[in-house]
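1. build me a structure from this.
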Amino acid sequence: ADSIEDLDVIRHGGMRRLFTGLRAPSTCGSWLRGFTHGHVRQLSSVASEAVVRLAGRVPSLLAGVEGLAFLDIDAKIKETYGRGKQGSGFAYNGVRGLNHLIATLSSPVCAPVILTARLRGGNCDSRRGAASMITEAIGLARRAGATGVIVVRADSAFFTGPIIAAIRRAGAYFSVTAQKNAAVKNVINDIDDDAWTEIAYRHPIPDPETGELITHAEIAETTLTAFVHAAENPGRQVTARLLVRRTPRFKRNDQGELFRVFNYHAV
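-> Numbers count the residues shown, from 1 in each chain. From the prediction side, this is the model:
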């Protein structure tokens, strides 16, 4: 079924061979509300097997993943209406809704395919359950043909010791946006002025504050040792490349610009 209408097949009516008279038909909602956590995991297992078998029958579905595969994970808020919606809550953006976590698999030559997904309460942290889900997704990606290099990509919400440790234990690489904490800022401040290389954007991007189009940026590479707190991240310390991009921050006022200020983005 790819729509609610297709699930009308479960509206099986009175089942005359078992009952006399009329019986209220089941609905999609009553069917789903009968699911336990065990049922959800069973359904997830069936869906995973379907992806693996489909990839085997349709080679173009995940073409190229045997060489280089990208596994992307992200959380998103789906707005809901009414206080009675089970699991709904106010998220970090102030919207009442549900929070779903999705992992997709792609390659440089194929579009993303959803590997696995989880639905969570609207007020949960984006990282809840992410480490176990990434471990599961990497194993599923291997079964689906990603036998080469797997790079897990995520935004700064997933820049945590347990998540990076889970990726490394599963034998994958990671490309995660670094949080702008004190350690990251100190490393960026130590980059020499002559270490920056200018790049030009093929398509200009708007400045997040002023909307002015940015046509050029500067990039530099350094090294970051993260998750060094032994109590919070026992055995999870990792040293990796830190790629930094900086774009000029435009200030519109009567005084003009006294010195150049930049916005920084580190991965």
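
2. who's in contact with stretch 49-65?
-> Stretch 49-65 is touched from outside by 69, 105-110, 113-115, 140-141, 143-146, 148, with contacts defined as CB atoms under 8 Å, 6 or more residues apart in numbering. For the C-beta atoms, the positions are set from N, CA and C on the backbone; glycine is no exception.

3. and if we set it to 10 Å?
-> Residues from elsewhere that reach stretch 49-65 (CB atoms under 10 Å, 6 or more residues apart in numbering): 69, 71, 105-116, 140-150.

4. cool, stretch 79-89 as well?
-> For stretch 79-89, contacts defined as CB under 10 Å, 6+ apart pick out 33, 77-78, 91, 93, 95-99, 119-124.

5. read off the pLDDT value for the residue most central in space within the chain.
-> Nearest residue to the geometric centre of the chain (CA atoms, centre = their mean): D74, 1.6 Å. Predicted confidence (pLDDT) for D74: 95.

6. adjacent strands (with direction) for whichever strand or helix holds it?
-> Here D74, judged by DSSP states H and E, is contained in strand 68-79. Strand 68-79 has the following strand partners under DSSP bridges: strand 96-107 (antiparallel), strand 149-154 (parallel).

7. out of the contacts of stretch 79-89, which end up buried?
-> Buried by 16 or more other CB atoms under 10 Å: I77, A91, R96, G97, L98, N99, R120, G122, C124, out of those.

8. need those in CSV (columns: pLDDT and distance to N233).
-> Shown next, in CSV, are the buried ones among the contacts of stretch 79-89 (pLDDT from 0 to 100; distance: CB to CB, whole Å):
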residue, pLDDT, distance to N233
I77, 91, 28
A91, 87, 26
R96, 91, 33
G97, 91, 31
L98, 91, 30
N99, 92, 24
R120, 89, 23
G122, 87, 28
C124, 89, 21
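
9. before we move on, back to that, let me see the contact set for the nearest residue to the residue nearest to the centre of the chain once chain neighbours are set aside.
-> Computed as CB to CB, 6 or more residues apart in numbering, the closest residue to D74 that is not its neighbour in sequence is I102, at 6.3 Å. Applying CB under 10 Å, 6+ apart to I102 gives the contacts 72-76, 112, 114-119, 133, 137.

10. the helices in the stretch 101-250 of the chain, which residues?
-> All helices of the stretch 101-250 of the chain, identified by DSSP state H, counting those that start in this stretch, fall at 130-143, 161-169, 182-189.

11. redo the ones you listed as CSV? Include mean pLDDT.
-> Shown next, in CSV, are the helices of the stretch 101-250 of the chain (pLDDT from 0 to 100):
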stretch, mean pLDDT
helix 130-143, 96
helix 161-169, 96
helix 182-189, 95
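
12. mean neighbour count added to those, as CSV?
-> Compiled in CSV, those are given as follows (neighbours: other CB atoms under 10 Å):
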stretch, mean neighbour count
helix 130-143, 20
helix 161-169, 19
helix 182-189, 14
